[in-house]
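J.: only geometry, no sequence info:
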């Protein structure tokens, strides 16, 4: 893999370092400078000419800062005559903006996809899009991975004879059903209605959860409002225990504390697609690494091998 060059933005250098360790390649430095007028300048500090360049940058808070940094990195790689540039975006936060559900509303998922391609992305590697249809917003090839294998390996360590997987809403029911099949348990789903970013209501749960050990599976947890609402409904239906799992653990506004304080919740499980700071860590929080999966995908992209054959359920 001598023709590969991997760079990391400032969003999640720890994950980038793990990926490079699995690949057995160096992670090359990036110099980011902020001018007096608050504009950014990015320099890739390694040769990119005719090389296969991978830029690792999840879109995590501050999202806009990290997005602009990624766009500048893409532009720098293109200007340095890279043979191909892949934007590795473990968390594509704008996947939530996937439709016009009100008049005169921007569709950020499509706009950011266009910006990435315009800036110089030849390919995009991402994980667990909130809305799978966002895949179609891109005009360049997209490899869309998931973390179900990592989650399955973790939960198979437990006794699952009395378990059930519960999706917080019907929109996430398909991956929840795939996960339930992988761990060999039934699946249920909540009927959710969202009124605001932090206000949701779950009117009912479709499926049998009474007396069961529940594994709640969602794609991401931000403030935790949905999970807390779902736990209340599961409590009313006498669930025996609850474990909460997601791919993207953003955990804003003290979400890990608020979820962890619920007496029924015995564990919170997420992956390291986004950085989990010390202020968010607590007893009962388990962070699984997706670095091996991303590294293998990068290796396959570089070698012209199938990625879907490895990561499709």
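T.: Arrived safely. Quantities reported herein were computed from a predicted structural model and do not represent experimental measurements.
J.: Residues in contact with stretch 44-57: which ones?
T.: Counting by CB atoms under 8 Å, 6 or more residues apart in numbering, the neighbours of stretch 44-57 from elsewhere in the structure are 3-9, 11-12, 15-16, 19, 28-31, 66, 69-70, 73-74, 76-77, 80-90, 125, 298, 301-302. Using the backbone N, CA and C atoms, a C-beta is placed for each residue, glycine as well.
J.: buried set for the longest helix along the chain?
T.: In the chain, with assignment by DSSP state H, the single longest helix is helix 63-79. Applying a neighbour-count criterion of 16 or more other CB atoms under 10 Å, one finds 63, 65-74, 76-78 buried in helix 63-79.
J.: Save the residues you listed as TSV, and put in pLDDT and distance to residue 203 too.
T.: Formatted as TSV, the entries for these read as follows, by pLDDT from 0 to 100; distance: CB to CB, whole Å:
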residue	pLDDT	distance to residue 203
63	97	31
65	97	38
66	98	36
67	98	36
68	98	41
69	98	42
70	98	39
71	98	41
72	98	46
73	98	45
74	98	44
76	98	50
77	98	49
78	97	50
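J.: the helices in the stretch 101-250 of the chain, which residues?
T.: In chain order, the stretch 101-250 of the chain shows helices spanning 108-119, 148-155, 173-183, 225-236, with DSSP state H, counting those that start in this stretch as the criterion.
J.: Save these as a markdown table, and put in mean neighbour count too.
T.: Below are the helices of the stretch 101-250 of the chain laid out as a markdown table (neighbours: other CB atoms under 10 Å):
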| stretch | mean neighbour count |
| --- | --- |
| helix 108-119 | 18 |
| helix 148-155 | 18 |
| helix 173-183 | 19 |
| helix 225-236 | 19 |
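J.: okay but residue 272 is in contact with residue 287, surely?
T.: Yes: using CB atoms under 8 Å, residue 272 and residue 287 qualify as a contacting pair, with a distance of 5.5 Å.
J.: And those two? Which one has more around it.
T.: For residue 272 against residue 287, the residue with the higher neighbour count under other CB atoms under 10 Å is residue 272, and the figures read 22 against 14.
J.: Who does residue 245 form a beta bridge with?
T.: Residues in a beta bridge with residue 245, per DSSP bridges, are residue 217, residue 269.
J.: check contacts around it.
T.: With contacts defined as CB under 8 Å, 6+ apart, the neighbours of residue 245 are 151, 155, 215, 216, 217, 218, 268, 269, 270.
J.: Closest one of the residues you listed to residue 138?
T.: Ranking the contacts of residue 245 by separation from residue 138, with CB to CB as the measure, puts residue 218 on top at 23.7 Å.
J.: Look up how far residue 269 lies from that closest one.
T.: Computed as CB to CB, to the nearest Å, the residue 218 to residue 269 distance reads 11 Å.
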